[in-house]
Every structure is written in C-alpha cells, then in structure tokens.
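Student: I'll drop the sequence and a predicted model, then ask my questions.
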Amino acid sequence: MLPLESKRIVLGVTGSIACYKAADLASKLTQLGAEVDVILTSAAEHFIRPLTFQSVTGRRAYVDKDLWGPEGHVLHVKLGKDADLVLVAPATANTLSKLAAGQADNLLTLTILAATAPLMLAPAMDGGMYDHPATQASLETLRTHGASIHGPVSGHLASGLSGMGRMLEPAELAGYARVTLGAGGPLDGRRVLVSAGGTQEPIDPVRVIANRSSGKQGYALAQAALDMGAQVTLVSGPSALSAPTGADVVRVQTAIEMRDAVLAHAAQADILLMAAAVADFRPSNASDKKIKRAGGVPTIELAANPDILKEVSQQANKPAVLVGFAAESNDLLSNAQGKLASKGLDMIVANDVSAQDAGFEVDTNRVILLAKDGSQDELPLLSKYEVARKVLEKALSFLK
Ligand code: PMT
C-alpha cells in the first residue's frame with residue numbers, strides 16, 4: 001500500500017529557477033502513490049518543459065495554452081474540483097500577488113480559484129522580493145484565506161546573493177503534503193508517542209554500548225501515524241534518518257534519557273508505540289576520561305536500566321493503548337507473550353530478528369501481532385511502513 005494512493009494533487013509550477021526542484025517534487029509525490037496533475041505557468045515554461053513532468057508523473061502536464069483548447073471551458077473547474085490538495089512550488093512573488101488579489105488570468109490561478117482543496121504555497125524568489133511589503137502583504141492575505149505557507153528558507157540564491165528566498169527542499173514539501181492530506185484521517189485528534197532507534201550507554205567519552213537498531217521501524221510508525229492524521233511525538237535514539245516532517249522530535253542518547261522523554265509525553269498520548277531497542281544495562285561508572293590500552297583490559301561493571309514500558313504501564317495517567325515490540329532470536333512467541341504480560345501491554349509486536357530480511361537495519365519486517373485479548377495476526381514479509389500501518393490499525397481498534 002502506498003501512502004498517497006488515491007490522492008489527487010494539483011502541482012502548480014511558476015517561473016523561478018527552483019522549477020528544477022519541482023520535477024523532483026512531482027516525482028516524489030508520484031512515487032508515494034499520488035496522481036499528480038502539473039500545471040505550468042508560461043513563465044515556468046521558460047525554465048522547464050512539460051515533458052519533464054509528464055515523464056516523472058506518467059500523466060499529461062498542463063500549460064497555459066490548454067486553457068484555450070477544446071476542453072478549455074471546463075478544464076480549470078475539473079482540475080480544481082478533483083484535487084485533494086493544491087500545491088504551488090515554486091510560488092513566485094507575481095503568482096502570490098495574483099492569488100492574494102483573487103486574480104484568475106491563467107490556467108493555474110483559475111484552477112486555484114475553482115478548487116476547494118487545501119492550498120499549500122512554497123515561495124521562492126530573491127531575498128529583496130520576499131522582504132518587499134507587497135509580497136509580505138500577499139502572504140498575510142493568503143494565510144487569512146486559509147492557505148498554508150511553507151518556507152522559504154535562507155541560503156544561497158540564484159542572484160548570487162545570500163538570504164531568505166530558497167524554496168523548501170522537495171522531501172520536506174512532500175512531508176508537509178502528507179501531513180495536510182492526512183488531516184481528518186482515522187487518527188485525527190489523537191496523539192501518538194513513538195520511540196525509535198537504539199540507545200547508547202557511555203563507557204567513556206569516546207565509547208558506548210550500542211545496538212543495531214537503525215530507527216527505520218520506529219520512524220515508519222511515526223510517518224504512518226502522521227499519514228493517518230495523528231499528532232506525533234517521536235523520541236529517537238541516535239539515528240542517521242531524517243525525521244518525518246510534522247513530527248515533534250525529541251532526541252536522546254541513553255535509556256535514562258529515553259525514559260525521561262517518554263514519561264514526560266506519555267500522559268498526553270493516546271497510543272504509545274515502543275519500537276526502540278533500549279539497552280537493558282549500562283556501565284555503572286562511566287569513565288570521564290578515555291580508558292587507555294596501556295592500563296590493561298578493563299572490567300566494565302553494568303547496572304540495570306529502567307524498564308520504560310513497565311514504568312509507563314504503572315502510571316495513573318497513561319496512554320489508552322500501550323504497544324511494545326519484542327526483538328527475539330529464539331522462542332519468539334513464548335518470549336513475546338511473556339513481555340506482553342509482564343510489561344502490562346495491550347499488544348506486542350513479535351519480531352523475529354534472526355531472519356536476513358527482517359528486524360534490524362533492513363527495510364522489510366516480518367512480525368506477529370499478539371494482543372492481550374489473545375488474538376494473533378501473523379503478517380507476511382512487508383515493508384516497515386506497511387507493518388507500521390497494520391500496527392496502527394490494530395492499535396486504533398483498541399482505542400475504539
Ligand atoms: O530500528 P530498526 O533497525 O528498524 O529495527 C527495528 C527493531 C528490530 C529494533 C524493532 O522492530 C524492535 O523489535 N524493537 C524492540 C527491540 C527490543 O529491544 O525489544 P526488547 O525485547 O528488548 O524489549 C521489549 C519492549 O520493551 C520493547 O518495546 C522495548 O522498547 C521495551 N523496553 C526494553 C527495555 C527497556 N529497558 N525498556 C523498555 O521499555
């Protein structure tokens with residue numbers, strides 16, 4: 001299942017050098033499953049050809065002259081009414097000003113006036129143009145009309161100057177599109193707290209006890225919850241992944257830091273999903289100086305870390321649904337059942353980490369969902385995103 005399956009997005013592209021990034025954005029949205037109808041203004045056509053967009057979306061890209069073609073009298077109405085989301089990226093000062101004034105003098109501005117879907121705008125222009133009171137007034141008006149403005153950001157500009165005016169990166173815009181399209185989904189109004197990645201327990205200033213968790217499964221849970229309309233807090237151990245756009249991210253290193261962060265957010269959450277691989281033990285006395293080889297082989301004494309899930313399940317104010325993961329290399333079901341009961345959970349995701357294509361680091365996972373009502377759902381090999389959707393659907397059924 002693709003996250004944006006059956007969603008229709010009108011992507012308006014206006015005349016800025018950031019048009020080259022719009023092609024990447026169109027490709028990303030298409031790969032997420034959306035049907036992307038691109039409309040170029042005549043200025044955008046100077047920067048990039050419709051064929052580029054047709055090639056990445058597999059669909060016709062529209063230009064201004066289509067307005068006067070055989071289906072011209074209804075084209076803008078059809079494109080506007082069919083859209084679940086209208087996104088203009090890049091949005092120039094000129095188009096922002098037209099939209100703020102309600103002008104409709106080309107296919108894109110006509111379509112936007114006809115559309116009832118949410119409107120996202122990603123401004124891109126030179127710093128001086130962005131700062132101009134006329135542009136700022138247009139943006140303010142558009143905000144009051146309900147549009148959401150994403151960016152710009154500061155950095156190198158095509159003029160050679162540096163300042164505010166760079167369009168947000170396509171990956172981030174695609175993330176905001178997902179949040180916008182997720183609104184009103186099955187988890188609308190719900191708060192989901194996710195832990196992800198492994199913890200690191202310092203031995204000395206340069207060495208840690210760590211594990212192989214990449215964060216992929218936890219980040220997929222956070223993204224899936226956003227796609228289903230939830231407000232998401234992601235407590236993450238060290239991870240190379242980019243956090244899903246729209247999630248509140250709390251970065252931690254150790255199990256104790258993760259415990260503090262999870263407890264700080266648990267009372268407000270409806271669902272807790274603990275996908276993190278938390279170290280059960282930490283060096284009891286981490287050295288504040290690097291341990292030297294010349295000192296001989298050290299003995300590292302360990303102390304037990306808190307069991308975060310168990311602590312949450314004993315709180316008076318706790319999430320309505322508690323979900324743990326059990327990473328097991330043997331006796332998967334009996335070990336997972338034991339953790340489901342001892343940690344006071346509603347569900348545990350039994351994860352056989354002995355297989356090459358499941359568990360740590362890889363993009364796929366094979367799990368069994370064990371619920372406290374005794375139900376067992378054995379899932380086939382799925383992407384970690386698909387696993388996340390199944391886990392959330394099951395968690396939602398407990399919430400109802
Ligand atoms: O990050 P990836 O590379 O994508 O890998 C995903 C994963 C394999 C890490 C993930 O799918 C997974 O199985 N996570 C749980 C790993 C684990 O440490 O399980 P556990 O059996 O040790 O712990 C059971 C549950 O208790 C877990 O939900 C864990 O977060 C929680 N726990 C564990 C120890 C501890 N001190 N406190 C806890 O709350």
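Tutor: Nice, I can see it.

Student: If you count neighbours, what's buried in stretch 130-149?
Tutor: For stretch 130-149, the neighbour count (16 or more other Cβ atoms under 10 Å) marks 130, 135, 138-139, 141-142, 147, 149 as buried. (C-beta placed from N, C-alpha, C; glycine too.)

Student: er, stretch 154-167 I mean
Tutor: Buried, per 16+ other Cβ under 10 Å, within stretch 154-167: 157, 163-167.

Student: coming back round to it: save the buried residues of stretch 130-149 as JSON lines, and put in secondary structure too.
Tutor: JSON lines is the format used below for the buried residues of stretch 130-149 (DSSP: H, G, I helix; E, B strand; the rest coil):
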{"residue": "130", "secondary structure": "helix"}
{"residue": "135", "secondary structure": "helix"}
{"residue": "138", "secondary structure": "helix"}
{"residue": "139", "secondary structure": "helix"}
{"residue": "141", "secondary structure": "helix"}
{"residue": "142", "secondary structure": "helix"}
{"residue": "147", "secondary structure": "coil"}
{"residue": "149", "secondary structure": "strand"}
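
Student: Show me what the strand or helix carrying residue 25 is packed up against.
Tutor: Using DSSP states H and E, residue 25 maps to helix 19-31. On a contact count with 3 or more Cβ pairs under 8 Å, 6 or more residues apart in numbering; DSSP states H and E, helix 19-31 meets strand 8-13, strand 35-40, helix 42-47, helix 50-57, strand 85-91, helix 170-182.

Student: how about 7 Å then?
Tutor: Where contact means 3 or more Cβ pairs under 7 Å, 6 or more residues apart in numbering; DSSP states H and E, helix 19-31 is packed against strand 8-13, strand 35-40, helix 50-57, strand 85-91, helix 170-182.

Student: Tabulate these in a markdown table, adding columns for distance to the ligand and mean neighbour count.
Tutor: Output for the helices and strands packed on helix 19-31, formatted as a markdown table (distance: least, Cβ to the nearest ligand atom, whole Å; neighbours: other Cβ atoms under 10 Å):
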| stretch | distance to the ligand | mean neighbour count |
| --- | --- | --- |
| strand 8-13 | 29 | 27 |
| strand 35-40 | 29 | 26 |
| helix 50-57 | 29 | 18 |
| strand 85-91 | 29 | 28 |
| helix 170-182 | 19 | 21 |
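
Student: Just the C-alphas of the helix or strand that contains residue 218, formatted as PDB.
Tutor: Using DSSP H and E, the element containing residue 218 is helix 216-227. Extracted in PDB, the C-alpha atoms of helix 216-227 (Å, rounded to 0.1, in the frame of the first residue of the first chain):
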ATOM      1  CA  LYS A 216      13.700   2.600  10.400                       C
ATOM      2  CA  GLN A 217      10.800   0.700  12.100                       C
ATOM      3  CA  GLY A 218      10.100   3.500  14.600                       C
ATOM      4  CA  TYR A 219      10.400   6.300  12.000                       C
ATOM      5  CA  ALA A 220       8.000   4.300   9.800                       C
ATOM      6  CA  LEU A 221       5.500   4.200  12.700                       C
ATOM      7  CA  ALA A 222       5.800   7.900  13.200                       C
ATOM      8  CA  GLN A 223       5.300   8.600   9.500                       C
ATOM      9  CA  ALA A 224       2.300   6.200   9.200                       C
ATOM     10  CA  ALA A 225       0.700   7.900  12.300                       C
ATOM     11  CA  LEU A 226       1.100  11.300  10.600                       C
ATOM     12  CA  ASP A 227      -0.400   9.900   7.400                       C
END
